[in-house]
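A.B. asks: coords please:
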Amino acid sequence: MLESSFTPRSRAQQAVSCLFLPSIVLLNLSAFALAYSQAASLELIVTLGSVFTLAAAWFLQRWLPLQATWNAPHADTRTDLVSMAVLLGAVDPVLKALGIAVAVWCVSQAPAWSSLFPSDLPFAAQVLLAVLLLELGKYAAHRLHHALPALWWLHAMHHSPKRFSAINNFRFHPLNYTINFSMSVLPMLLIGIPADVMWAYLAITQPVLMIQHANLDLRNPWLDKLFATPRSHLWHHDADERAGQLNFGSALLIWDHVFGTFRKVADGQMQPERIGLYAGSAYPAQASYLAQLLSMLKPPCCRRAGA
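C.D. replies: Residues are numbered from 1 along each chain as shown. Below is the predicted model of the structure:
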């Protein structure tokens with residue numbers, strides 16, 4: 001069972017708890033703005049910012065944990081690391097290459113598609129539009145994975161950890177990740193989103209995603225309403241199935257507010273009692289990474305075994 005109230009913190013911890021998230025977002029955006037103004041590599045800046053944010057979150061977990069017990073050695077670390085290697089080393093690069101190839105082919109067949117994105121708007125307006133559309137695509141894909149049993153079996157890999165850790169964010173079934181990409185990034189490539197606008201979107205959202213599953217006691221009530229912070233996203237991982245059908249946003253919670261799926265972090269109960277898979281789930285959460293991948297091939301009768 002998780003703690004229901006804040007643990008007393010030193011003044012330094014209280015300061016970091018309040019300032020880490022806004023500071024890291026501002027730092028990444030400032031670095032991007034500087035690189036953009038100097039025509040430097042936006043990809044390099046966004047990548048370095050993501051690595052720095054993830055590393056900072058990983059080390060801060062020991063000093064400012066949401067739950068101290070989550071920092072103890074767990075058997076799920078190996079699965080997290082393998083999934084991280086597969087996603088970053090193979091799945092993500094392949095999807096980006098294929099996405100660009102598909103977009104180029106589609107544009108060659110229907111040239112008008114490449115001009116659908118309003119690239120004549122001011123840069124800030126383009127970025128705002130991209131943020132709204134990309135987050136909508138990811139929101140829709142996420143809800144779909146919770147609504148359809150076959151897709152939920154893929155998404156269950158992401159919900160299987162019983163704790164938050166910075167690298168939990170990379171625990172995704174490759175097909176789950178592919179569907180998310182196909183419903184968010186791919187459509188934007190097809191309508192001709194400029195590369196610098198896409199990198200601007202990533203500069204905004206990647207810092208949030210890098211700390212979203214971190215075991216960090218961040219206290220930003222007003223940011224919890226806008227961003228999918230560790231505290232707001234924690235409720236989505238509630239082991240109570242009814243309570244967990246909220247806060248579907250990827251990095252931002254804009255569409256949760258629009259579609260009525262937002263859950264506020266209340267003062268009375270700061271955390272769910274338990275996180276992880278829903279009660280009665282037959283998903284092999286303790287199996288190896290490969291066994292979890294292949295579990296999608298089992299017939300429905302076998303999937304339910306042990307539920």
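
A.B. asks: ok, which stretches of this protein are strands?
C.D. replies: Secondary structure of the chain (DSSP state E): no strands located.

A.B. asks: Could you identify the longest helix within it?
C.D. replies: Longest among the helix segments of the chain by residue count, using DSSP state H, is helix 11-37.

A.B. asks: which strands and helices sit next to it?
C.D. replies: The helices and strands touching helix 11-37, judged by 3 or more CB pairs under 8 Å, 6 or more residues apart in numbering; DSSP states H and E, are helix 42-63, helix 195-211. Where C-beta positions appear, they are placed from N, C-alpha and C, glycine not excepted.

A.B. asks: Single out the most deeply packed of these.
C.D. replies: Comparing the helices and strands packed on helix 11-37 by mean neighbour count (mean count of other CB atoms under 10 Å), helix 195-211 comes out on top with a mean of 22.

A.B. asks: what residues does it touch?
C.D. replies: Taking CB atoms under 8 Å, 6 or more residues apart in numbering as the criterion, the residues outside helix 195-211 that touch it are 20-21, 24-25, 27-29, 31-32, 36, 42-43, 45-46, 49-50, 53-54, 57, 117, 119, 123, 126-127, 130-131, 134-135, 166, 169, 185, 188, 218, 227-230, 250-252.

A.B. asks: can you rerun that using 7 Å?
C.D. replies: The set of residues external to helix 195-211 that reach it, using CB atoms under 7 Å, 6 or more residues apart in numbering, is 21, 24-25, 28-29, 32, 36, 42-43, 46, 49-50, 53-54, 57, 126-127, 130-131, 134, 166, 169, 227-228, 230, 251.

A.B. asks: What of stretch 128-142?
C.D. replies: Residues outside stretch 128-142 that contact it (CB under 7 Å, 6+ apart): 179-180, 183-185, 187-188, 193, 197-198, 201, 204, 248-252, 254-255.

A.B. asks: one more time with 8 Å, if that's ok
C.D. replies: Taking contacts as CB under 8 Å, 6+ apart, the residues outside stretch 128-142 that touch it are 117-118, 121, 155, 179-180, 182-185, 187-188, 193, 197-198, 200-201, 204-205, 248-252, 254-256, 259.
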